[in-house]
Each structure stands twice: as C-alpha cells, then as structure tokens.
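J.: got a sequence here, can you build the structure:
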Amino acid sequence: MPVFASVGRRRRALRLAGAAVALGALSAALGTAPAHADLPGASPVLTRAPYLTDLTPTSVRVTWATSTRSRQTVKYGPLGNCTANSVTSATLGTTMTVNGVTEYNNSVTVPNLSPDTPYCYRVFTGDATPIDLLGTNFSPSFTTMVPDGSPAPFTFAVLGDWGDTTSNGVNSGALNQDQANVMSRLAASGARFALSTGDVAYPSGSPTNYGDLQQTGVNISAVFAPEYYAVPGQTLPMFSTNGNHGRTATLLSTWPQPAVTAASSGVYSQVSYPSFFGSTPATYPTTYYAFSSGGVRFYVLDASWSDSNVGTADGGNCEGTTHCDIYQVDAAAHWTPASAEYQWLAQDLAAHPGGVKVAAFHFPLRSDDPTEPDDEYLKNNPGSTDTLEQLLHDNGVNLAFNGHSHIYQRNVAPPGGVPSYVTGGAGAKLSSVGGHGCDPTDAYALGWSYSSNVGKRCPSSVPVPAADANVHHFLLVSVLGSTLTVTPTDSLGNPFDVRTYDFTPDSTPPTAPADLTVTRTASTTMKLTWGAALDLTQLAAYDVYRDGTHLATVPDTVDTFSDKTAVCPASYTYEIRARDLAGNSAARSTPVTC
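T.: The predicted structure follows:
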C-alpha cells in the first residue's frame, strides 16, 4: 500500500475513534445505533463498505471495494443465520483508482430470496483463506421488495444532490456535518429502499469523488466515507438515476441496476447521442427503468444533460440562466415523441393502467431557485404538446420527485400537471429560493443564501429556516394502499411540511368555492377571495381563470389571489375552480367591471 494511503488510514482511524464517542451519545439520545462506530472493526482490506442496489422481491445486488483482487463472496441468510447461503462473483473485481490508489470494485447479485422478507449478509474475499471483510461488525440486514399487488405497507426515501465535501458553503475537505447528519437519519429511517433524484459525488462523479473508507480531502470520499453513505448503504438499496454531474460510466458501475432494468425493458448503459443544436455528438450514461412495489409503480427516468455540451441552445423557453440551455438539449435528446425514452415510458405506462404511480428524475418541473429554475421544456404549459409532464399526467402518474435545485420545494399541480417535489438538499451546497418571486403553485419551499448567511422561504407564510441544517433534508414516504404520506426530515431530525395524499379513485367533484368576491386594490390589481370548497376524498388546488384563460393555480390552503395584470377600465369574468387530487373540478364565477 502506498505510504500516503497508510497515513490517510491512520488519520481516519484516529478521527473515527474520537468521533465515535460523540456519535454514540447522539445515537443513544435518538434511540438508534451509532452512525459509524462499527466501521473501525472492519478488515483493512475493505475500502468501500458493502452497499445495496437493484432490490426486487427475490434478489438484491451487493457492491463493495477492496484493496486486493480476487473473486469475492456474499454469504447471506435469514435473520439469525446470516451465512447459511453463499454466492461468489463470476469475475475478478474491476480496477479503479481512488485519489491515486488502486482499488477493486466487486458486485454480486444475491438470488433466490423470498418477497417481503428480512435477510442479513456478510462479504468475504475469495482468497484461499477467506477474510471476513466486515470483521467485528454486525451483519447488515435488508428486506426484499413488497411484491406487486400486495397490500403490505412500506416506506421509501427520496434524496438528491449530495456527495459533497462542501460544508456550510466552504469546501475545505473537512467533514460536511449536515450531510453526515442526513445520512445518519436516513440509516435510522426504516425505509425499505431509496430513490435518487440525481447528482451524486461532486463535482464530477469520479471514483475519487465517491472515495473510500480511508482517504479524505477536498472532493475526496464525499460518498463512501464512514460518516456518509457507508452506514445507510449497507441496509438501504438505492435506485439511482442520472444528473448533470457525473455523467460517465462510473455512475453505472457504482450503482448497478441490472435486474429492474431488464425486467422493465429499460436502459442502464452508455448510449451514443447525435448533435442537438450544434452540440458535439457524445456517449453518455443513460438511465431509465421501472419497478413495482405493492400497489405502486415507480418510474426512474433520465431527464438530464451535460453542462458543457449545449451547442447553440439558448434555453429560450426559460428565465435566462445557463441551466435552461441544458434543459433544452435534454428535451430534444430524451423527451420528443420520437425519442427512445419517451416511447419506452409511454409503452410502460400503457401496460400498467390503474394503481398509484410515482416518477423520479433530475431536472425540476417547478423550482423557485433563481439559478436553477423550472424546466419549461418538461412542463405541460398551455399550448405545449407531447411534454414529459403531459405524458405523466395523462397516464395517471400521481407524484414526481425532482432534484437539480439544491433546495426543498413542494408544488401543487396546475391543470394538466403532476404534484411535484424538489428534493435537492441531501448534502451539496444549498441554493436560495424566491429570488425571482414565489410561484403561486409553490406550496412550501426552503433555501439558503451563503452570501448573506440567511434562510429563504416561499411563500411568506412558511417559517424562515434558522440555519442551513434546516434546509438539508431527505424525504421519507410511507405507503398504505392508495395513501402516501411524505415526511421531509431536516439534517437535525426535524420533520416539516408533512403531507398526506389519498389517491383513491374518485369521480365525484368537489363543491364549488363559496362566496367569490373581486375588489380593485390598485390601478392594475384585482384581488379575489373565496370560501373553501369541500371534497369527499381530498382537495388539491384552486385554479384561477379570467375570461376563460388560466391565470394561476394556488394550493388548497389558499383562499385569495391578486391579479396584477388587469387593464382598467374593462369588464372581466373571474372564475375559481376547486380541483381534487383525481382531477375533478367545480367552479364559481363572478363578472366584474373595473
């Protein structure tokens, strides 16, 4: 082993020994196991702790890294008999270089499991005298997927934009405590699996950015350090997708998903793309696939593109930032009716009518981050056709989870849209919200400005975050039949903006909004107020129309809207349409002269 690697290992061991006491005390207070006190007991041959991907009702994929090369073995079994069975890799580990150190990536599928059943496992070298790589650590456990159609409840997590050594806006290579806390909460969450919304391992998704258990520094070990994903990864299978960072084959080998990709006829491989708007033809990892758990169909999609390959695209449909350029090229590459991904998604949606459907992808449908705004090319705007959101809406997709913007945001859906979340706050440097105003569909958003060191929020009724720790977060989603409860949890363990959705089929419209009144409050401003509508299942939003044209959508908790585009003197007819989660609506209209 190189001298600098040995020094790094000793430095990390001392750091972990000091941190274990503090983390153990925190864990005792929280009633959970220590976040990483067990990792020093692992074999020094283990350079990445085992982590899980590609969960199905009957299998899971285990991946880890070592400092020596051999065919490696996973031993597994029911709880209490963790080495009852074994499976050995068919090939030697794949060579990779982490900060100048040669390591070997090993990945094995564990087969022949029973659905919705807990298992535990250990990993071993394939030497003549096998080494138990977990050493004195407890055997990690996981639970296989709830089979399609089962009524059994389950939970899953959603997170995006993490794997960053930047802490409190400064990238010194020191511990990113907020990210470490998010990972610790994630490990203790009880989630069956996790969905990624893209962008892992900053800045470029290299093996060094992903890192290992030993090495530290600026942009080194931002994912697989003991304080980060080393613990949750052992028990929480990840379903990964693409982002605009880390667009190399490393993404595919780090987060393998062969079983779910094959079962859904998806794509999880390098794909060659032609030129769009003068961009350079290029080969990029492409990631789209689907799977089912219980009564929910999950779509993990590729809505992303490279920052540096946009040709003459100018993002003309968006608000004038460089990110709109990549939105435009992504739409051309992935989301025209002739594109392979669009056609695949349309076919799979048609093959799975009914039930609850959830989608996860990187670029945000709606975002009040002024530097990474709405993706206007994906949204189902008035007059647009054949967009991703229209395809999702028309085929009954109930929720969308996005990343890219390093914020938290919950959005209600406009007519023809899908309720969506931006969850890009798992560890990367945060962004602000509201710099260009707060969109009416923005029900709850949090951001952070490091330039002024203050929290940001949308709308004004949302509490201002006191620290960036209150903005770093992940989502925990509980599924019970057709009901999904989304619980955002910040890095300090505080739940916020908890929302329950009842997606039970419903054909009964809500009542009409009560007592709509319109008053002129300024020369070009008409203020609308109304009384609440009622719905048998769940009210979702109010749609505001003027002379039959949609002006805005506001959350179901809002009972007022100011039209600041009125031109007086004129006669207008305003209409408020109450809409439920199933899309049924009822209207109340008022003619007015200003």
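
J.: need the contact list for residue 266.
T.: 260, 288-290, 344 (C-beta atoms under 8 Å, 6 or more residues apart in numbering). Quick note: C-beta positions are derived from backbone N, CA and C, even for glycine.

J.: what comes up buried for stretch 161-178?
T.: Going by neighbour count (16 or more other C-beta atoms under 10 Å), the buried part of stretch 161-178 is 161-168, 171, 173, 175-176, 178.

J.: ugh, wrong one, stretch 119-139
T.: Buried positions in stretch 119-139, judged by neighbour count with 16+ other C-beta under 10 Å: 119-126, 130-135, 137, 139.

J.: and the residues you listed, which is the shakiest by pLDDT?
T.: Least confident by pLDDT among the buried residues of stretch 119-139: that is residue 126, with 88.

J.: check contacts around that residue.
T.: Applying C-beta under 8 Å, 6+ apart, the residues near residue 126 are 70-73, 88-89.

J.: let's go with 6 Å and repeat that
T.: 70-73 (C-beta atoms under 6 Å, 6 or more residues apart in numbering).

J.: same question for residue 520.
T.: 526, 594.

J.: residue 113 reaches residue 144, doesn't it?
T.: Yes - using C-beta atoms under 6 Å, residue 113 makes contact with residue 144 at a distance of 5.0 Å.

J.: quick one on the thing from earlier: pick out the lowest-pLDDT one from the buried residues of stretch 161-178.
T.: Within the buried residues of stretch 161-178, lowest confidence goes to residue 173 (92).

J.: how much space between that one and residue 219?
T.: 8 Å (C-beta to C-beta, to the nearest Å).

J.: list residues touching both of these two?
T.: residue 165.

J.: between the contacts of residue 266, which sits nearest residue 329?
T.: Nearest to residue 329 among the contacts of residue 266, counting by C-beta to C-beta, is residue 288 at 16.8 Å.

J.: what's the helix or strand for that closest one?
T.: strand 282-293 (DSSP states H and E).

J.: contacts for that strand, please.
T.: So strand 282-293 is contacted by 145-146, 148, 241-242, 247, 251-252, 260-261, 264, 266-268, 270-273, 298-302, 309, 341, 348 (C-beta under 6 Å, 6+ apart).

J.: measure stretch 101-120 end to end?
T.: 31 Å (C-alpha to C-alpha, to the nearest Å).

J.: buried sites along it?
T.: For stretch 101-120, using 16+ other C-beta under 10 Å, the buried residues are 101, 103-110, 113, 116, 119-120.

J.: nearest to residue 590 among those?
T.: residue 116 (53.3 Å).

J.: show me the shaky parts of the stretch 1-150 of the chain.
T.: Where the stretch 1-150 of the chain drops to pLDDT under 70, the residues are 1-38.

J.: do I have it right that residue 54 meets residue 261?
T.: No - applying C-beta under 6 Å, one finds residue 54 not in contact with residue 261, separated by 8.3 Å.

J.: how about low-confidence regions in the protein?
T.: 1-38, 319-322.

J.: rewinding a little: how about the buried residues of stretch 161-178, which pair is most distant?
T.: Longest span within the buried residues of stretch 161-178, C-beta to C-beta: 161 and 173, 19.1 Å.

J.: helices of the stretch 1-150 of the chain, start to end?
T.: 3-30 (DSSP state H, counting those that start in this stretch).

J.: now do the stretch 301-450 of the chain
T.: 323-334, 340-351, 388-394.

J.: so can I have JSON lines of those showing distance to residue 45 and mean neighbour count?
T.: Shown next, in JSON lines, are the helices of the stretch 301-450 of the chain (distance: least, C-beta to C-beta, whole Å; neighbours: other C-beta atoms under 10 Å):
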{"stretch": "helix 323-334", "distance to residue 45": "41", "mean neighbour count": "24"}
{"stretch": "helix 340-351", "distance to residue 45": "40", "mean neighbour count": "16"}
{"stretch": "helix 388-394", "distance to residue 45": "45", "mean neighbour count": "21"}
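
J.: need these in TSV (columns: distance to residue 369).
T.: Formatted as TSV, the helices of the stretch 301-450 of the chain follow (distance: least, C-beta to C-beta, whole Å):
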stretch	distance to residue 369
helix 323-334	9
helix 340-351	25
helix 388-394	18
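
J.: wait, which of those is closest to residue 382?
T.: That would be helix 388-394 among these, by C-beta to C-beta, at 11.3 Å.

J.: can you list contacts of the closest one?
T.: By C-beta under 6 Å, 6+ apart, the surrounding residues in contact with helix 388-394 are 335, 359, 365, 378-380, 416-418.

J.: mind running it again at 7 Å?
T.: 303, 335, 345-346, 359, 365, 378-380, 400, 416-418 (C-beta atoms under 7 Å, 6 or more residues apart in numbering).

J.: among those, which one has the most neighbours?
T.: Highest neighbour count within those, by other C-beta atoms under 10 Å: residue 303, with 32 neighbours.

J.: for that residue, which non-adjacent residue is spatially closest?
T.: Ranked by C-beta to C-beta, 6 or more residues apart in numbering and with sequence neighbours excluded, the top spatial neighbour of residue 303 is residue 361, at 4.0 Å.

J.: got a list of what the one you found touches?
T.: Counting by C-beta under 7 Å, 6+ apart, residue 361 touches 241, 301-303, 402.

J.: returning to what we had before: got TSV for the contacts of helix 388-394, with distance to residue 40 too?
T.: Converted to TSV, the contacts of helix 388-394 look like this (distance: C-beta to C-beta, whole Å):
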residue	distance to residue 40
303	40
335	47
345	45
346	51
359	40
365	44
378	45
379	49
380	52
400	41
416	54
417	49
418	46
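
J.: which of the buried residues of stretch 161-178 sits closest to residue 541?
T.: residue 161 (26.9 Å).

J.: so what's the closest one closest to, chain neighbours aside?
T.: Nearest one to residue 161, counting by C-beta to C-beta, 6+ apart, is residue 424 at 3.9 Å.

J.: now the most centrally placed residue in the chain: how far from residue 223?
T.: Nearest to the mean C-alpha position of the chain, by C-alpha atoms, centre = their mean, lies residue 197 at 3.0 Å. With distances taken as C-beta to C-beta, residue 197 is found 15 Å from residue 223.

J.: got a PyMOL select line for the buried ones in the contacts of residue 126?
T.: To isolate the buried ones among the contacts of residue 126 in PyMOL, judged by 16+ other C-beta under 10 Å, type:
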select buried, resi 70+72+73
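
J.: can you tell me which of the contacts of residue 126 is closest to residue 552?
T.: residue 72 (56.7 Å).

J.: apart from its neighbours in sequence, what residue is nearest the closest one?
T.: Per C-beta to C-beta, 6+ apart, closest to residue 72 is residue 106, 4.3 Å.

J.: before we move on, the earlier item: how about the buried residues of stretch 161-178 in a markdown table, adding distance to residue 314 and secondary structure?
T.: Listed next are these as a markdown table, based on distance: C-beta to C-beta, whole Å; DSSP: H, G, I helix; E, B strand; the rest coil:
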| residue | distance to residue 314 | secondary structure |
| --- | --- | --- |
| 161 | 25 | coil |
| 162 | 30 | strand |
| 163 | 30 | coil |
| 164 | 29 | coil |
| 165 | 33 | coil |
| 166 | 30 | coil |
| 167 | 35 | strand |
| 168 | 35 | coil |
| 171 | 31 | coil |
| 173 | 37 | coil |
| 175 | 40 | coil |
| 176 | 35 | coil |
| 178 | 35 | helix |
